[in-house]
Each structure stands twice: as C-alpha cells, then as structure tokens.
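Asker: Starting from these lines, generate the structure:
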Amino acid sequence: MAATDTWHVDEHGRGQRPAAGKGFRPDVEGLRAIAVGLVLIYHGGVTFVSGGYIGVDVFFVISGFLITGLLIRELERTNTISLPTFYARRAKRLLPATAVVIITTAALVFAFVPRVRWADIGGDLIGSAIYLVNWRFADRSVDYLAEGSGASPMQHFWSLAVEEQYYLVWPVLVLLFTLYARRRGRSLRPPLYLALLAVAVPSFLWSVYYSSASPEAAFFVTTTRMWELAIGGGLAIAAPQLARLPRLLAGLLGWIGLGTVLVAAVLIDSSATWPGYLAAAPTLGTAAVIVAGMVPHNRGPAWLLSRRPMVWVGGLSYSLYLWHWPLLIVAIAIWGELPLWLSLAIVVFSVVPSWVTQQLVENPIRYSQLISSAPRYALSVGANCTLLGVVAGLVVVLAVPSQSQPAEGQAAPGAEALEGEGGAERNIEEAIWQSAESGEITPDPLYATEDVPELYDDGCQVGEDSADVEACIYGVEDPETTIVLTGDSKAGQWLPGLQTVAEDNDWQIVTVTKSACPFSAAPVSLDGEEYSTCTEWNSAVVDEVIGLEPDLVLTSQSDGLSSEPPDDGAGGMVDGLVDHWERLQSEGIAVAAIADTPHPGFEAYECVAENLDDLTECSFPMPEIDANPVLQEAAERTDAGYIDLLDSVCVDGTCPPVIGGALVNRQGSHLTATYVETLAPQLEEGIHNVLEQQPTEGP
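Answerer: Model prediction:
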C-alpha cells in the first residue's frame, strides 16, 4: 500500500478526525512545530538561531507535500479534481483566523502605533487580506524612499501570500497534465513529474539569479519560492516508491535531514543571499525527514517529532505564526527596542490568542457540517472574511487625515525665520515657530516621506540594482550657466532649492544621481557587501558629466554624521573624491561640495507627529564635528568649493525639527523638499562664491 494511503491529514498538516481505517502522521505535525519554533525563536531575538527564518522554507516543503498528496488521492478516487471543493477547503481553513488577526491588528495599530505609519500599515492589511502583500513588500524592499519605515505588523504574511498564489496555479496544472495523460492512455504519475519540473526548474534557476541580483526583493516574491513547494509536491508524487526504502537507510536519511535543518538555522544568518541555492539545505533536509516518515519503524526522527508536546505545537503552528509577529511589532511601537526577555515573553504569550483563535474560530468553522456540506458555503465564508480584512485595512488608511495645503501666500518661511536680528543665534523656541495662528507644519509630518525632490517621480534617481547613468534636466532651456548635481540621495536632496533660483539666475540643473552611491572612484560597500553597481556607475559617470560641459559640478554624500568621525576607510574615500574632482578640473569644470546634513538618530518626522504640543522633544544636538570631514578634506586637497549650510539647519547648538513652520527632516538625515526650497538664498550665495572665486585648470 502506498504510504500516502496510510495517514490522513489536511493541507496544513493538522490531523483531521480519522477516516475509516486511516490516521494522520504525527511526525509531520512535529516537523511543523520545528518550523514554527525556529521562526518564533528568531523573531524573539535569540541570536544563536541566526537563520531561524528558514522555518518558512520548511513550511513550504511540508505544504507542497500535503497539498499535492490530497490532490493525488482525489484524482485516484474520482478521476478528477474539484477546484471549487479545493478552494473551499482552503477558504474555511485559512481565512477566518486571518480575518481575526487582521482586524485585531488594525485595532492595535489605532491604539499604539504612531499615526505616521497608519497609511502604510493599512495598505499592508489590505494586501494581507487578499494575499498579495508579498509583492508590496518586495517593492518596498528596493524602494530607497522607504528607508526607516520600520517593520510592518503584517510582514510575516508574505509567506502565506506566496502559498496561496502558488495554489492558484498548481491544482490547475495538475488537472491539465492529468487530463492530457488520460487522453493519451498513460498512467497518472509520470505526467505529474513533468508538471512538477515545469514549475521547479525555472523557479530554482530564477531564484539563484534573482537572489543575487536583487536579494531584498527576491526574498518576498512568489517566483523564487515555487521550487520549494514543488519539492514537497515531488515527495507526494514519488511516495509509493519512497515508501519502499530500506528501514535503516530511511532512518539515517531522516536524522541527517533533521540535523541539516537545525544546523542551517544556526549557521545561516540574515546576511545570506536568500533563498537562492542556499535554501536547498533546509528544503532538502525537510524532504528527507518527510521521506523517512513514510517508512514505518525505521528508528528515524519520527519517534521524537511524534511526541505529544511536538504534535500539540504543530497543531497550533498556523495560529502561532499569525499572532506572534503583530504582537512583537506593536510592543516595539509602545516600548521601543525590546530586551530579549520581553521579546521572548511576548512570543510565549502569543500562545494564548493562538489557542483561543483555534478553539473559537478555526475549528468550529472548519468542522461545521453546514459549511462543509457544499463548497459555496465555505467560499462564502472565505469571501466575507476577506472583505472584513479589506475593510479593516481601509479604515486604517482612511483614518489618516488628508494632507492640508497652505493657503496662497501663506507658505512656511522655513529658513527665512532665522534671518533678522540675532541671525543664527536666535532662540531655539523662536526658530521652531510654534506661535503661528494656523499651527500648521509644512509638510504635514504624516506625509513627510512624500516631500521629496521631483527627480524620484521623474525616474532620475538610479536605484541600487542598476549601473545606468541617467541625466535629467531642470531649469531654463537656454542657460548661461549649467550646473550638474551628482552623487547619492544627499546630493539629490538639494534639487528643490536649486530649482527655486535657477530661473532667476538663468541656470540649467542637470541631475546625475544614484541611491547610496557617492560620486567617488573609491569602492563602496552596501549592507556589508561590495556595492558593485556603484563602482560600475562611477566608472561611467565622470565621462558622462564631462560630456555635458557644465560650468559647475555640485556633489554631496552621506557621511554618518550623527556622532562619530569617519572610520579608517575615510582616506580611501577622500582619494576617490579627489580622483573624480581633479579629472573635472582638468577639463576646466569647477567643482563644489555641499556639506552633509546631520542625522537626528531617530525619525524626526515621526516624533513631530506624536509631539505637536512640544516640538522641543524632537530636537537633537548639533554635531561637534565638521559637517562632512571627508568632503571638506577633498575640497582642501583640490581647491574645490565647499558649501556648509549647517547653521541654516541647526540653531544655537541645537537642531530643531521645525524651523519657520517648515518640517526640516524626512527619513533619517534627509531634508524635506519644502525646507530645502527655503534654503535657496543660501545655496545661491554659496554657488556664486564658488563660481567667482574657485580657480580651475584648462585642458
């Protein structure tokens, strides 16, 4: 008898009420306990289990095995697959608990999460309800403007979205290949192997490539994960043959597989390129454990995985996975960074809502005779649960007030408030300018992350995964002076101020910028790894800039200005800057650097949104070091210009969050476009000084 005929589980590994002559595989339940345990320990902050996120990969293999097994048994029993029944079964199993968690999370967000995050989280709630949120996270992961946005309480739903998208395709593919085989008079399983290969091979190859090319996005997208579910499906297809393995070999295979999973969870860390080929370790290890359990009495890991506590946790694993992450993220919103003991306490506490949800929501609906009597009832329950989740997300989104625009002629004066008597020595409370009758701040801190230079909307800021050189033109068409603005986002942030004065000065501004990439010949690292596209971009950008024949090249870059001076690698960066600048100067092109702007060490706009009655809570000390010693040293070595506007961002030793009614910072140390526009006079003065005084060499 085939191994798949000796047990009875549902599509999530939960033991169903036994059918006649059938039971369920408790070792699969125990394997689910291992998977969820790794995820919970990892999210709880236990650094020893640095690769605990591989628990999700274990889940994928288990799910592929169980679902495909159900499909095969239905084919063998009825010669077809009822797609309505299949999706009805999943709807009543998954969606009620999902709706409960989404609605509860929405309520917790209202109560404890800063308003500035509501719009993003509301969108995540909607994406989770319709099981598309993984693509939203993939897009956000490569969005440079999403920096500092914090983890979403729905981020763990990405894996559930991957599974459901996979199961929109796989049952249909199985059915089509089966119908083809029957028409040709062939047996059932060989065509299923072809269907499996059609999914697994392209997905694995794409996973290896895309995980290297764009690792942040590759982690979330469905196409890089389908092969993991397909591995589980292959086990179900090959079950009759695998069940005949010798007992000794099966037991040994099972222990090796379990050991591989556990060792991978310890040795792999968050810096690994994932999923890629490395994911083969936990997925094949999981497959080996499942295969071992097909052969009875083999002294494999089944005896351990089948213990009652393991089976109990495995049975609760779906609810545990749903509940633990939102509770952790909301706790962080309340208390900030959590100590290890508190993170683990929250993870343990998640057992309570998980068990309540299972007992009061999951099981009653899942085993309801009425709901199970016809697919339309279960599908209706699923549709209504999805609708409830969408509504919860919409309520959170719509609760964010729309951005108000200042009345005509009432634009915030911003840096202008620092002028007059006392200049930059004005009192910090005066600079914050809380006494305006309207009490409005521009931009509204709830929309600070949208107050960016228009080069982002114009597609002019090259992303981290591209080495293309993109030049975009702003200002007048027939200029007397052409200025090229180049460097990373800290260079690009000055565009609004330059645009403000370009028309009056007959300037044309050409932007050539790339995210997180300074205008330097020095090699750069990003997230601890070589930033190869930045190196490639810099190899081409100097020639591109020279070809534009500008009068002046302006550059700036991030310097980690918050507290410490540059590390020992600063010398190499200075050399790289000097290399680029001297090449420009040899062509008769003037060069000037704009000093970096200070980092608050927190998200100032979030602080402002929560402290409108006392904005001084969001001020931070002016850095005691030069605004950018790397740029300043390069300027001294090349006689390039150096424009330092720090005194227009900080006042009397303190950097306020609002100056002259204008919000100063958006993400990190980036200035809002609104405030940069008010710095136009200072920029104009600095540039005129450079053009008048900076010596240049001819070719």
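
Asker: For T535, give me its contacts.
Answerer: 523-524 (Cβ atoms under 8 Å, 6 or more residues apart in numbering). Bear in mind the C-beta positions are built from the backbone N, C-alpha and C, glycine included.

Asker: The same query, at a cut-off of 6 Å, please.
Answerer: P523 (Cβ atoms under 6 Å, 6 or more residues apart in numbering).

Asker: Now it: which helix or strand?
Answerer: Assigned by DSSP states H and E, T535 belongs to helix 532-547.

Asker: C-terminal to that helix, what's the next element?
Answerer: Following helix 532-547 toward the C-terminus (DSSP H and E): strand 552-556.

Asker: Let me see the confidence value for T223.
Answerer: Note on T223: pLDDT of 96.

Asker: and if you look at A333?
Answerer: So, for A333, pLDDT stands at 90.

Asker: what's the answer for Y87, then?
Answerer: 93.

Asker: What residues of the helix holding T535 count as buried?
Answerer: Within helix 532-547, the residues scored as buried using 16 or more other Cβ atoms under 10 Å are 533-535, 537-538, 541-542, 544-546.

Asker: Please compute how far it lies from its chain's middle.
Answerer: The chain centroid and the centroid of helix 532-547 are separated by 28 Å under Cα atoms, centre = their mean, to the nearest Å.

Asker: got it, and stretch 48-57?
Answerer: With Cα atoms, centre = their mean, you get 17 Å for stretch 48-57.

Asker: Could you do stretch 230-242 as well?
Answerer: For stretch 230-242, the distance to the chain centre is 33 Å (Cα atoms, centre = their mean).

Asker: contacts for it?
Answerer: Against stretch 230-242 from outside (Cβ under 6 Å, 6+ apart): 2-4, 61, 64-65, 68-69, 72, 189, 192, 196, 199-200, 283, 287, 290-291, 294.

Asker: Can you list the buried residues in that stretch?
Answerer: Those would be 230-239, 242, for stretch 230-242 by 16+ other Cβ under 10 Å.

Asker: got the contact list for the closest residue to V510 other than its chain neighbours?
Answerer: In this structure, V510 finds its nearest non-sequential neighbour in V484, 4.8 Å apart by Cβ to Cβ, 6 or more residues apart in numbering. Contacts of V484 were listed using Cβ under 6 Å, 6+ apart, and they are 510, 545, 548, 550, 553.

Asker: and what of S619?
Answerer: So S619 contacts 654, 656 (Cβ under 6 Å, 6+ apart).

Asker: Ramachandran angles for it?
Answerer: phi -80, psi 160 (degrees, to the nearest 10).

Asker: Could you check how far it is from A609?
Answerer: Distance of S619 to A609, given as Cβ to Cβ, to the nearest Å: 15 Å.

Asker: again, but for P629
Answerer: 33 Å.

Asker: ok, those two, which is more surrounded?
Answerer: A609 (21 against 17; other Cβ atoms under 10 Å).

Asker: Contacts for whichever strand or helix holds that one next, please.
Answerer: According to DSSP H and E, A609 maps onto helix 604-610. Outside helix 604-610, the residues that touch it by Cβ under 6 Å, 6+ apart are 114-116, 445-446, 448, 618, 657, 665-666.

Asker: redo that, cut-off 10 Å
Answerer: 114-117, 148-150, 441, 443-449, 451, 600, 603, 615, 617-620, 655-658, 663-669, 672 (Cβ atoms under 10 Å, 6 or more residues apart in numbering).

Asker: Report the buried members of these.
Answerer: Buried among those by 16+ other Cβ under 10 Å: 114-117, 149-150, 441, 443-449, 451, 600, 603, 615, 618-620, 655-658, 663-669, 672.

Asker: Would you map the strands across the protein?
Answerer: 461-462, 472-475, 481-487, 507-514, 525-526, 529-530, 552-556, 590-594, 620-621, 641-643, 654-655, 658-659, 662-663 (DSSP state E).

Asker: mind putting those strands in a markdown table, distance to A213 included?
Answerer: Below are the strands of the chain laid out as a markdown table (distance: least, Cβ to Cβ, whole Å):
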| stretch | distance to A213 |
| --- | --- |
| strand 461-462 | 15 |
| strand 472-475 | 25 |
| strand 481-487 | 24 |
| strand 507-514 | 16 |
| strand 525-526 | 14 |
| strand 529-530 | 13 |
| strand 552-556 | 28 |
| strand 590-594 | 32 |
| strand 620-621 | 38 |
| strand 641-643 | 37 |
| strand 654-655 | 38 |
| strand 658-659 | 41 |
| strand 662-663 | 36 |
